[in-house]
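Colleague: Quick check, what structure comes out for this input:
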Amino acid sequence: MDRNARAMVVASFAADSLALGAHWIYDTHEIEGRFGRVQNLRKPEEDSYHPTKDRGEFTHYGDQTLVLLESVAQCSGFDLEQFARHWRAHFEGYHGYFDKATKGTLKNLSEGARPTASGSASTDLAGAARIAPLVYRYRNSPQELVIHARAQTAMTHNNPMVVGAADFFARVTYRVLTGNDPQTAMMETTQESFAGTPIEEWVRSGMQSVAGDSRETIVGFGQSCDTRGAFPAVVHLIAKHQGNLEEALTQNVMAGGDSAARGMVAGMVLGAHLGPDAIPGTWLAALKHREQIVALLDNIDRKTQ
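Modeller: Residues are numbered from 1 along each chain as shown. Modelled structure (predicted):
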């Protein structure tokens, strides 16, 4: 379980880094024509949304997830106030991309809002995509995990859809770490905690799409950041490629749009299921913050044993 828990975190970061070079290109033919099949981490081009980034680095989603991991390691757990301070300080002089959720949250914090009320109204799945460090820390405390996953998400994305997505995937990943396969974990979590909600329909749509081509399916659901399309797309990726993390994350990037948020969630769940051997060695070798991530996970373990 601990090996898979570590793989869960690393795979989530690797998914973000894999998406970096083609992030937010919506034309799937353009992705294929410019990059071919995106199977390796690559440096973004000058005309991309991330021109300041290098190969093996992260989008602003991955950067914020690393901030969360640092915060959890420093506090031996999740402290919303400390995380908010650390998150806000991260963006002072930040040379990466600022999305609307980040700008809105920073504005709210600067005007005196507490972290419990600072979140934007963004519907982007990205707020829920950062939770792998929390799953790692609270992998033996599912009730605390859900509480903290919801709180960290709402700090920047105070929207019921996004907070609910964090809740759902936290529960699913916990189940996977305890031995369930991802499809079973998603179905049981839906039945037990989300029956009658939009999430039930998103899970059903994603599960029913597994026979379809991933690129076409994700385009059909919607390639944008919005949770209503991104959520069933993630379910599709997890269910269709349950035994092949590399293929899931490659197909995710080739589908275009907000591949970083989708990939971080799919990578988290599939990393928890398949373990470290499922992550390509070439990705690990190119991942610039890999040693830092491992050291922070070691620090969490030392402080919580």
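
Colleague: going forward, measure contacts and count neighbours with C-alpha atoms only.
Modeller: OK.

Colleague: just checking, what packs against the strand or helix carrying L284?
Modeller: According to DSSP states H and E, L284 maps onto helix 281-286. Helices and strands touching helix 281-286, by 3 or more C-alpha pairs under 8 Å, 6 or more residues apart in numbering; DSSP states H and E, are helix 2-19.

Colleague: And the helix it packs on, what's buried?
Modeller: 4-19 (16 or more other C-alpha atoms under 10 Å).

Colleague: Tell me how far G256 lies from S12.
Modeller: 18 Å (C-alpha to C-alpha, to the nearest Å).

Colleague: shouldn't G62 be in contact with A11?
Modeller: No: taking contacts as C-alpha atoms under 8 Å, G62 lies outside contact range of A11: 11.3 Å.

Colleague: which regions of this protein sit below the pLDDT cut-off?
Modeller: 1 (pLDDT under 70).

Colleague: if we go to 80?
Modeller: Scanning the chain for pLDDT under 80 picks out 1, 305.

Colleague: show me where it has strands.
Modeller: Taking DSSP state E to define them, one finds no strands in the chain.

Colleague: What's the local residue count around A285?
Modeller: By other C-alpha atoms under 10 Å, 11 other residues sit near A285.

Colleague: do P160 as well
Modeller: Neighbour tally, P160, other C-alpha under 10 Å: 14.

Colleague: so how far is G263 from it?
Modeller: 21 Å.

Colleague: Now stretch 272-281: buried residues?
Modeller: By 16+ other C-alpha under 10 Å, the buried positions in stretch 272-281 come out as A272, H273, L274, G275, P276, A278, I279.

Colleague: circling back to that earlier point, any idea which of the buried residues of helix 2-19 is closest to F221?
Modeller: A19 (18.6 Å; C-alpha to C-alpha).

Colleague: ok, now which ones touch that closest one?
Modeller: L41, V253, S259, A260, G263 (C-alpha atoms under 8 Å, 6 or more residues apart in numbering).

Colleague: For those, pick the one with the most neighbours.
Modeller: Most neighbours among those, by other C-alpha under 10 Å: A260, with 34 neighbours.

Colleague: need the contact list for it.
Modeller: Taking C-alpha under 8 Å, 6+ apart, we find A260 in contact with A15, D16, S17, L18, A19, L20, H23, T59, Y61, V253.

Colleague: So which of the buried residues of stretch 272-281 is the closest to T153?
Modeller: Minimum distance to T153 across the buried residues of stretch 272-281 is 20.5 Å, recorded for A272 (C-alpha to C-alpha).

Colleague: What are the neighbouring residues in contact with the residue nearest to the closest one when sequence neighbours are not counted?
Modeller: Excluding its sequence neighbours, the residue lying closest to A272 (C-alpha to C-alpha, 6 or more residues apart in numbering) is M8, at 4.5 Å. For M8, the contact set (C-alpha under 8 Å, 6+ apart) comprises A132, Y136, G267, M268, V269, L270, G271, A272, H273, G275.

Colleague: gap between M8 and E46?
Modeller: From M8 across to E46, the span is 31 Å (C-alpha to C-alpha).

Colleague: what's stretch 104-119 in contact with?
Modeller: By C-alpha under 8 Å, 6+ apart, stretch 104-119 touches L80, E81, A84, R88, A101, S120, A151, A154, M155, T156, H157, N158.
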